[in-house]
Every structure is written in structure tokens, then in C-alpha cells.
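1. need a structure here:
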Amino acid sequence: KIIIGLNDKVLVISILLIYFFGQVLFLPLYIIFIILLYHYTYFKMADVKDSKYDLGLDMTKDDQKKIGKFTNLHYKQSLYQQKIKLMKEKISNIDSAIDEVSLVFDPNDVMLGIGDCFFSFDTEYVEESLEKSKNEEKVNLNKLECEYKNITDEKQKLKTELYAKFGNRIDLN
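-> The predicted structure is shown next:
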């Protein structure tokens, strides 16, 4: 009744055979069945390993590095998309603030909120400050867009190389 070195399917089937057919009556048939089942599963698994998992390709360390780099670039690309979106919203808000300041009739009527306090500032000073911050944000936005383009180009290059080697066996979407 001791079963050693057999996989789980053989173990379950052997326990069921012992339960249904008794312990002694069919013992020779039981032993032959276990041996045949073991050899069948062993050779079937060898066929599966050979046919299913052997793609005829060797995955090199360089290929693994390329796939890892592609993954990192994909992550960075999504972060840059979010940063660019936030930067554009910030520039839009600054434009709205410039428009609001230009509509003020009294030059000393502009109140600027700093923390919990509001201070009165000259309209020209506020417009200059807003224009300066808008220009700084545009410069930062241009830098981000250039970096985003470089990441996208490098990602596309890696994607082309990996699809050239692995074909449809790899999914990079």
C-alpha cells in the first residue's frame, strides 16, 4: 500500500482502486496498472515538454534585458503622459488667471492668496509674475515632451527588435 515516487493523479487513482477493489483480490492487476499509468504519464509529460514548451528559440540574457527595459519604458511612458497632462492643465489655469487679472479695472484691486492670507498686489506685478511662471511651465512642458518622445522612440525600437526575433510568440501591448 506504500506508493513512492508517483505523481498525484496516480496516487488518487491508486487510492480509489484500493477502496473499490479491495486490498488483496486484485493486487497483481493493481500493480501492473500503477506501473503502466506511471510510464504513460511520464512519457506523456516528456512529449508535452518537447512539443509545447520548445519554441526553437533560445532566450538570451540580452533578450531578457531588452524585455525588462521595454517594461520600464512602458511604465515611464505612462508616468510622462500623466505629468504632461497635469502640466497642460497648470498652463491652462495660469492662462485663465492672466485673463482674470486683465479684466480688473482698479490696478490695486488684485488680491493674491498665499496660504490662508490674501494680499493686495499691483496688477502689472501679478501679470508679469503669471507670464513668467507660464513661460517656465512651457519650458518644462517642452522638456517633458522631448523626453516622452525619446522614450516612445526607444520603446518602439525595442518592440521592433523583439517582434523580429520572437514574432507572435511575445505580446508587448
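2. since we're on the closest residue to residue 90 other than its chain neighbours, how many residues are nearby?
-> Spatial nearest neighbour of residue 90, chain neighbours left out: residue 137 (5.8 Å); criterion: CB to CB, 6 or more residues apart in numbering. For every residue, glycine as well, the C-beta is placed using N, CA and C. Neighbourhood size, residue 137 [other CB atoms under 10 Å]: 16.
3. now residue 137: how far from residue 124?
-> Residue 137 sits 20 Å away from residue 124, going by CB to CB, to the nearest Å.
4. Could I get the contacting residues of the residue nearest to residue 90?
-> Contacts for residue 137 (CB atoms under 8 Å, 6 or more residues apart in numbering) come out as 87, 90, 91, 94.
5. Quick check, pLDDT for the third one.
-> Residue 91 carries a pLDDT value of 96.
6. Tell me the confidence at the nearest residue to it once chain neighbours are set aside?
-> Nearest in space to residue 91, with sequence neighbours left out and distances taken as CB to CB, 6+ apart, is residue 137 at 5.1 Å. Note for residue 137: predicted pLDDT of 96.
7. rewinding a little: are any of the contacts of residue 137 buried, and which?
-> Neighbour counting with 16 or more other CB atoms under 10 Å marks 87, 91, 94 as buried within those.
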